[in-house]
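Engineer: give me coordinates for this.
(one chain, ligands or ions: 2)
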Amino acid sequence: MNDFTYYMPTRVFWGEGCLARQGDAISRYGTRALVVTGKTSARASGAMDDIAGALDRNGIPFAVFDEVEANPSIETARRAGAAARSFDADFILAAGGGSPLDAGKAAAVLAGNECADDDLFSGNFPNPVLPVIAIPTTAGTGSEATPYSILTDTAKKTKRNLKSDRLFPVLAFLDPRYTFSLSREATASTAIDALTHALEGYLSTRATPASDMFALRSMALLGPALTKLSASAPGREDRENYLYASFLAGCVIAQTGTTVLHAMGYHLTIFHGVEHGRANGLLLVPYLRHVMAAQLGRVREVLDTLGCGDLAGLGRMLGPLMKRDVNLADGQIDEYARIAVQSPSAVCTLPPPTAGDIRAMYRDAVGMKKIRKDE
Ligand code: NAP
Ligand code: FE
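Structural biologist: Numbering: from 1, shown residues only. Ligands and ions are numbered 1, 2, ... in the order given. Okay, here's the model as predicted:
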């Protein structure tokens, strides 16, 4: 067995009503809080009532920053950081999908560190980072268990990864009820994001025996759940499975990071408005075909664990769950491939892709003249 490390310092509370039952744990992180969230989800999901209840019970005054957009920008994170500073918050309570969780993590850095973008993304912030408490309302990113904050650099038209062990949330409250209000499309897209985390971590050059264990369990839950989602709306147990699988997959990428699949997907999100999970899903089959060239056995294990047999079976499983509304011209593919091949996550892909390989994956999945082999 190769040497490996494992680090995941977040204390996780799981279960319906966990914030009402165990929310007093927040009181050790300070006496003033900033709640960072999106426009509607924390309220629509019922999380906001539980958060206010826990803060009130513990006599903790709080302010709310509810301006986080999907795929949050660096500017939004800076405004949330300024809100934390002006309220004199001791800690951040981030509630919502991956976007508010990531904005909350970055705000925790920016509240006490006035750094330029490049210092921020190189992890070069000298002052303390506020503790973050994460309350997910989607089941996809696993951000509650990762040291990452993914922000959109609107000037450079790219997504950038702020990574620091100081960004692991101190606490996470995982209540499946908060995901009940997700639409079928959002459920599918976020679950596909979790699936790609587990799968990319499993196929990464940075995979470890410990991360593999989480990845296999996550995929074993997600395969049947996604198959079922094509035919029926998710029930209570399905919601539990999605959230648990998403958390496990977060534990995977906390150790391994992602691979070139995520780097490629970012362009579909930034330039074509495709939701993060669906962007990865659209590219998944060609990506696995590429990885098979060096890791046939591992890819077969992935497909068996998902219960879809082969790549065509995976295509059939995901097909009904994803709109296919992107068609890239060759010039766009060339441009995106040129950038994706330089991404740090491309290096963790086995076999390491050339720009030509990436162009072929894009063309196969979303090229204008693609041949739909997998449908
Ligand atoms: P999201 O961008 O947080 O949310 C997407 C949409 O779903 C928003 O409109 C949101 O509403 C809504 N929503 C959230 N929870 C809901 C609920 N319970 N009921 C109804 N609507 C709900 O989506 P996401 O896929 O969870 O997060 C994507 C972001 O996470 C991307 O920026 C991605 O790059 C990042 N990510 C981070 C990590 C990490 O480790 N940090 C890993 C993977 C991905 P509101 O407008 O109210 O928020
Ligand atoms: Fe992701």
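
Engineer: residues in contact with the residue of the stretch 201-350 of the chain found nearest ligand 1?
Structural biologist: With Cβ to the nearest ligand atom, the shortest gap between the stretch 201-350 of the chain and ligand 1 falls at His276, namely 4.3 Å. Using the backbone N, CA and C atoms, a C-beta is placed for each residue, glycine as well. Neighbour list for His276: Asn71, Gly98, Gly140, Thr141, Ser189, Asp193, Gly265, Thr269 [criterion: Cβ atoms under 8 Å, 6 or more residues apart in numbering].

Engineer: so how far is stretch 347-362 off the chain centroid?
Structural biologist: 22 Å (Cα atoms, centre = their mean, to the nearest Å).

Engineer: equivalent analysis for stretch 303-313, please.
Structural biologist: In terms of Cα atoms, centre = their mean, the centre of stretch 303-313 is set 23 Å apart from its chain centre.

Engineer: quick one: end-to-end distance for that stretch.
Structural biologist: Start-to-end span of stretch 303-313 (Cα to Cα, to the nearest Å) is 9 Å.

Engineer: low-confidence regions, the stretch 51-200 of the chain specifically.
Structural biologist: Counting by pLDDT under 70, the stretch 51-200 of the chain contains no low-confidence residues.

Engineer: which residues of it fall in strands?
Structural biologist: Counting by DSSP state E, counting those that start in this stretch, the stretch 51-200 of the chain has strands at residues 62-68, 91-96, 132-136, 148-153, 158-163, 171-174.

Engineer: show me what the last one is packed up against.
Structural biologist: Think strand 171-174. Where contact means 3 or more Cβ pairs under 8 Å, 6 or more residues apart in numbering; DSSP states H and E, strand 171-174 is packed against strand 11-14, helix 18-22, strand 132-136, helix 236-256.

Engineer: spell out which parts of this protein neighbour ligand 1.
Structural biologist: 38-41, 44-45, 70-71, 96-100, 102, 137-138, 140-143, 146, 148-150, 159, 178-179, 181-182, 186, 190, 193, 276-277 (Cβ under 6 Å from any ligand atom).

Engineer: just the buried ones from those, in PyMOL syntax?
Structural biologist: In PyMOL, this line selects whichever of the residues of the chain next to ligand 1 come out buried by 16 or more other Cβ atoms under 10 Å:
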select buried, resi 38+41+44+45+70+71+96+97+98+99+100+102+137+138+140+141+142+143+146+148+149+150+159+178+179+182+186+190+193+276+277
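
Engineer: in helices, which of the residues of the chain next to ligand 1 appear?
Structural biologist: Within these, residues falling in helices by DSSP state H are Ser41, Ala44, Gly98, Ser99, Pro100, Asp102, Ala186, Thr190, Asp193, His276, Gly277.

Engineer: so which of those comes closest to Val132?
Structural biologist: Nearest to Val132 among those: Asp102, at 10.2 Å, using Cβ to Cβ.

Engineer: what's opposite the residue nearest to the closest one when sequence neighbours are not counted in the beta bridge?
Structural biologist: Sequence neighbours aside, Ser149 is the residue nearest to Asp102 in space, at 4.2 Å (criterion: Cβ to Cβ, 6 or more residues apart in numbering). Beta bridges link Ser149 to Leu162 when assigned by DSSP bridges.

Engineer: any idea which residue sits dead centre in this structure?
Structural biologist: By Cα atoms, centre = their mean, the chain has its centre lying nearest to Thr141, at 2.4 Å.

Engineer: how close does that residue get to Met219?
Structural biologist: Separation of Thr141 from Met219 (Cβ to Cβ, to the nearest Å) stands at 16 Å.

Engineer: what of Ala54?
Structural biologist: Ala54 is 33 Å from Met219, by Cβ to Cβ.

Engineer: please apply the same query to Cys308.
Structural biologist: Computed as Cβ to Cβ, the Cys308 to Met219 distance reads 10 Å.

Engineer: how about Leu314?
Structural biologist: Look at Leu314 and Met219: by Cβ to Cβ, they are 11 Å apart.

Engineer: can you list residues touching both of the two?
Structural biologist: Residues touching both Leu314 and Met219 (Cβ under 8 Å, 6+ apart) are Leu306.

Engineer: Thr179 contacts Tyr242, correct?
Structural biologist: Yes: assessed by Cβ atoms under 8 Å, Thr179 is found in contact with Tyr242 at 6.7 Å.

Engineer: can you point out the buried residues in stretch 306-319?
Structural biologist: With burial defined by 16+ other Cβ under 10 Å, the residues of stretch 306-319 counted as buried are Leu306, Gly307, Cys308, Leu311, Gly313, Leu314, Gly315, Arg316, Met317, Leu318.

Engineer: ok, the first one - contacts?
Structural biologist: Just to be clear, that refers to Leu306. Leu195, Met219, Ala220, Leu222, Gly223, Leu314, Met317.

Engineer: of these, which is the nearest to Met8?
Structural biologist: Met219 (18.8 Å).
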